[in-house]
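Novice: output the structure for:
(one chain, ligands or ions: 1)
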Amino acid sequence: MSEKRIIHIKFSEFRSLSELEKDDNELVSAAREASGKAYAPYSGFMVGAAIRLNSGKIIMGANVENAAFPSGICAERSAISNSVSNYPDDYPVAIAVAARTADGFTEDYVSPCGSCRQVIAEEETRTGREIRLILSGRDTAAVISGISSLLPLQFNKQHLRPGRP
Ligand code: THU
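Specialist: Model prediction:
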């Protein structure tokens, strides 16, 4: 017999960036700054991500596109590669994302793509800590306490190596 399961997700939505906590607001500013460094000649969609490490250090990343489209990388993965390879002993406590087009910052808050969700999930697994997500738009934001809300029933190392650490 089957059993119905319901997964609820909980997040906070803000109608103004000024309502964000100070640390979150600062991280959105860093993500906005990072979006200015994107290389997005094909989509014109410039994304920035900023990671706050536990030490307080802020690491930034932007999307880097390629004429061979699948070789491009998103801002979130760019920032995570940067932080893991340069600060492997530190760990992310939060990541903010912002995106802009020629018309300015997107009106709606941007949400990470499926591949980025998977990579953020792996980083939570690697560090054993949840990563706070701050998704921002022109004057809107969503704050989510960890990736499990955006990636329920995630595939992780437990599936590859059941019962092992
Ligand atoms: N992109 C990101 O960098 N992050 C997201 O969360 C969504 C999409 C990039 C990939 C591509 O360079 C461009 O935005 C358009 O999809």
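Novice: number of residues surrounding R77?
Specialist: Using other Cβ atoms under 10 Å, R77 has 21 neighbouring residues. For the C-beta atoms, the positions are set from N, CA and C on the backbone; glycine is no exception.
Novice: surely it forms part of a strand?
Specialist: No - counting by DSSP: H, G, I helix; E, B strand; the rest coil, one finds R77 to be helix, located in no strand.
Novice: roughly how far apart are it and the ligand?
Specialist: Per Cβ to the nearest ligand atom, to the nearest Å, R77 is found 8 Å from the ligand.
Novice: surely that residue and G61 touch.
Specialist: Yes - here R77 reaches G61: they are 7.4 Å apart, a contact under Cβ atoms under 8 Å.
Novice: can you name every helix or strand that the helix or strand of the chain with the lowest mean pLDDT contacts?
Specialist: Each helix and strand of the chain was given a mean pLDDT (mean pLDDT, DSSP states H and E); the minimum falls on helix 157-160 at a mean of 89. On a contact count with 3 or more Cβ pairs under 8 Å, 6 or more residues apart in numbering; DSSP states H and E, helix 157-160 meets no helix or strand.
Novice: same thing but at 10 Å, please
Specialist: For helix 157-160, the elements it packs on are helix 114-127, judged by 3 or more Cβ pairs under 10 Å, 6 or more residues apart in numbering; DSSP states H and E.
Novice: and the helix it packs on, what's buried?
Specialist: C116, R117, Q118, V119, I120, A121, E122, E123, E124 (16 or more other Cβ atoms under 10 Å).
Novice: any chance of these in a markdown table, with distance to the ligand and pLDDT too?
Specialist: Listed next are those as a markdown table, based on distance: Cβ to the nearest ligand atom, whole Å; pLDDT from 0 to 100:
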| residue | distance to the ligand | pLDDT |
| --- | --- | --- |
| C116 | 6 | 98 |
| R117 | 9 | 98 |
| Q118 | 12 | 98 |
| V119 | 11 | 98 |
| I120 | 10 | 98 |
| A121 | 14 | 98 |
| E122 | 16 | 98 |
| E123 | 15 | 98 |
| E124 | 17 | 98 |
